[in-house]
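Asker: structure here, sequence nowhere to be found:
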């Protein structure tokens, strides 16, 4: 259905600006992806069959999840919590299983939600001989080994990705991440949080680096996932240096989105291939894929989801720098950013860590941490030293927030693993490599046994 009126730029900007909330309404959403595997063969499951992804989605419905269909296939699940907020389970292109949690008030709530989800997944998976693994990159299988899920937008992306970079298909099929979504109070607060988190995203990448293996062998990277993003699509990825320029705000991000080529538009439940075409042309009714049609706000929202910078702006800010990993680190990532974002002195202290870095520092650091992790350096300091400071700042922020669990414990406990990683100077990937060269005797398949959920 075409829109009747041309969308104004103010309406496009409002999609992001209207996300602003007073501090007492701020919440946190946690997301994580994981790799399914057949426990007998370790192969990634296809969609169909008794041990397939469809069987997982069907089995989870006994826990109150409602199916979401596309083209006759169940492609996601949704469930409302007691407060009326919705969580969803969805599929990445290679069947990576994602929980997009409801927006919650505390890290205790997030860890409970994540734990309940993983327990439900394990109950169903055990019955159909599947396991699930948290890691940033598939440790064993090639692109060709990975089954593709029946979602229309992914067909368009798979055709377009190789035109823009060498590793886009790996991003789609062989990576998993942990993400956190956080609120802002107004445009100035958004800008401060965007700049601080974008600059520090590579530090989070190092702390969470958990993907040293590709196709069964060490790849030379501690985060093969983060490396993939350096050669996926320069139009829509990276450190987007304009965020650090004077005058950055909602309008500048909207311009960036308008100048990023489209992937698709959705009409009558079907995805229309608009890859490489311009949303600016769409606003004028000149989109070649839909001649004469004007976009809706839903088209704009869909387009915003196809931008993949290290921090993404929608009606909230999305932290995108961390590899997938175990349950403890799924809780740790939102704790890290909440401690920094939701306490004003902590946000100021975090900005002090990185405010003097220039765009060349940002880009170099983003690439260096993929290989060097906590041993990388920026502006004369080691990433390890910055990580120690960053985690300490987050801990102070969580202390100041003082959100207590039923056991009267605050949220700082969720950072303990990150404190230990930063203090040791060893990323999770460094530890996996030590196991590979030692106890595992070069057998990556041990990862599925030792680190499955």
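Answerer: Alright, I've got the coordinates. Everything numeric here is computed off the predicted structure, so don't read it as measured data.
Asker: helices of the stretch 351-453 of the chain, start to end?
Answerer: Here the stretch 351-453 of the chain has its helices, by DSSP state H, counting those that start in this stretch, at 359-372, 383-401, 416-424, 428-437, 446-451.
Asker: compare those helices and give me the one nearest residue 246.
Answerer: Among the helices of the stretch 351-453 of the chain, helix 359-372 comes nearest to residue 246, with 13.5 Å by Cβ to Cβ. In this view, the C-beta of every residue, glycine as well, is placed from N, C-alpha and C.
Asker: got the buried residues for that closest one?
Answerer: Residues 361, 362, 364, 365, 366, 368, 369, 370, 371, 372 are the ones in helix 359-372 that count as buried (16 or more other Cβ atoms under 10 Å).
Asker: one step back: could I get the helices of the stretch 351-453 of the chain as JSON lines with mean pLDDT and distance to residue 151?
Answerer: As requested, these are exported to JSON lines (pLDDT from 0 to 100; distance: least, Cβ to Cβ, whole Å):
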{"stretch": "helix 359-372", "mean pLDDT": "97", "distance to residue 151": "28"}
{"stretch": "helix 383-401", "mean pLDDT": "98", "distance to residue 151": "35"}
{"stretch": "helix 416-424", "mean pLDDT": "98", "distance to residue 151": "34"}
{"stretch": "helix 428-437", "mean pLDDT": "98", "distance to residue 151": "30"}
{"stretch": "helix 446-451", "mean pLDDT": "97", "distance to residue 151": "26"}
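Asker: next one: the longest strand seen in the chain to chain centre, how far?
Answerer: In the chain, ranked by residue count with DSSP state E as the criterion, the top strand is strand 28-38. Distance of strand 28-38 from the chain centroid (Cα atoms, centre = their mean, to the nearest Å) equals 10 Å.
Asker: ok, then the element right after that strand?
Answerer: Counting by DSSP states H and E, the next helix or strand C-terminal to strand 28-38 is helix 53-60.
Asker: average pLDDT for that following helix, rounded please.
Answerer: Averaging pLDDT along helix 53-60 yields 98.
Asker: show residues contacting it.
Answerer: 36, 45-49, 67, 73-74, 76-77, 89, 91, 95, 97, 120-121, 123-125, 127-128, 130, 149 (Cβ atoms under 8 Å, 6 or more residues apart in numbering).
Asker: that helix to strand 28-38, inter-axis angle?
Answerer: 120 degrees (axes from the mean of the first three to the mean of the last three Cα atoms, to 10 degrees).
Asker: that older thread, how about the helices of the stretch 351-453 of the chain in TSV, adding distance to residue 321?
Answerer: Output for these, formatted as TSV (distance: least, Cβ to Cβ, whole Å):
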stretch	distance to residue 321
helix 359-372	9
helix 383-401	12
helix 416-424	13
helix 428-437	14
helix 446-451	21
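Asker: please identify the deepest-packed of those helices.
Answerer: By mean neighbour count, with neighbours taken as mean count of other Cβ atoms under 10 Å, helix 383-401 ranks first of these at a mean of 21.
Asker: quick check: the spatially closest residue to residue 384 that is not a sequence neighbour vs residue 406, distance?
Answerer: If the residues on either side of it in the chain are set aside, residue 384 comes closest to residue 374, at 4.0 Å by Cβ to Cβ, 6 or more residues apart in numbering. From residue 374 over to residue 406 the distance is 35 Å, taken as Cβ to Cβ, to the nearest Å.
Asker: so between those two, which is more surrounded?
Answerer: residue 374 (24 against 6; other Cβ atoms under 10 Å).
Asker: okay but the more buried one is in contact with residue 422, surely?
Answerer: Yes: counting by Cβ atoms under 8 Å, residue 374 does reach residue 422; the two are 7.1 Å apart.
Asker: what do the two both touch?
Answerer: In contact with both residue 374 and residue 422: 207, 384, 387, using Cβ under 8 Å, 6+ apart.
Asker: number of nearby residues for the first one?
Answerer: Per other Cβ under 10 Å, the neighbour tally for residue 207 reads 30.
Asker: residues touching it, list them.
Answerer: With Cβ under 8 Å, 6+ apart, residue 207 has these contacts: 322, 336, 374, 387, 391, 418, 421, 422, 427.
Asker: ok, now with 7 Å
Answerer: 387, 418, 421, 422 (Cβ atoms under 7 Å, 6 or more residues apart in numbering).
Asker: just give me the closest of those to residue 411.
Answerer: The closest of the contacts of residue 207, once distances to residue 411 are taken by Cβ to Cβ, is residue 418, at 12.6 Å.
Asker: look up how far residue 356 lies from that closest one.
Answerer: Counting by Cβ to Cβ - residue 418 and residue 356 are separated by 24 Å.
Asker: next: residue 187.
Answerer: Taking Cβ to Cβ, one finds residue 187 at 24 Å from residue 356.
Asker: higher neighbour count, these two?
Answerer: residue 187 (16 against 9).
Asker: so the more buried one sits against residue 248, correct?
Answerer: No: assessed by Cβ atoms under 7 Å, residue 187 is found out of contact with residue 248, at 9.5 Å.
Asker: list just the nearest of the buried residues of helix 359-372 to residue 243.
Answerer: Among the buried residues of helix 359-372, and counting by Cβ to Cβ, the member closest to residue 243 is residue 362, at 9.5 Å.
Asker: which non-adjacent residue is nearest that closest one?
Answerer: residue 239 (4.4 Å).
Asker: pull the number of nearby residues for the one you found.
Answerer: Counted with other Cβ under 10 Å, residues neighbouring residue 239 total 21.
Asker: list the residues that contact residue 342.
Answerer: 26, 397, 401.
Asker: just give me the closest of those to residue 332.
Answerer: Closest to residue 332, out of all of these and judged by Cβ to Cβ, is residue 397, at 13.9 Å.
Asker: contacts only, for the closest one.
Answerer: 339, 340, 342, 343, 346 are the contacts of residue 397 under Cβ under 7 Å, 6+ apart.
Asker: what's the answer for residue 421, then?
Answerer: Counting by Cβ under 7 Å, 6+ apart, residue 421 touches 207, 427, 428.
Asker: 10 Å instead?
Answerer: 206-209, 329, 332, 373-374, 384, 387-388, 391, 427-428, 430-431 (Cβ atoms under 10 Å, 6 or more residues apart in numbering).
Asker: good, wrapping up.
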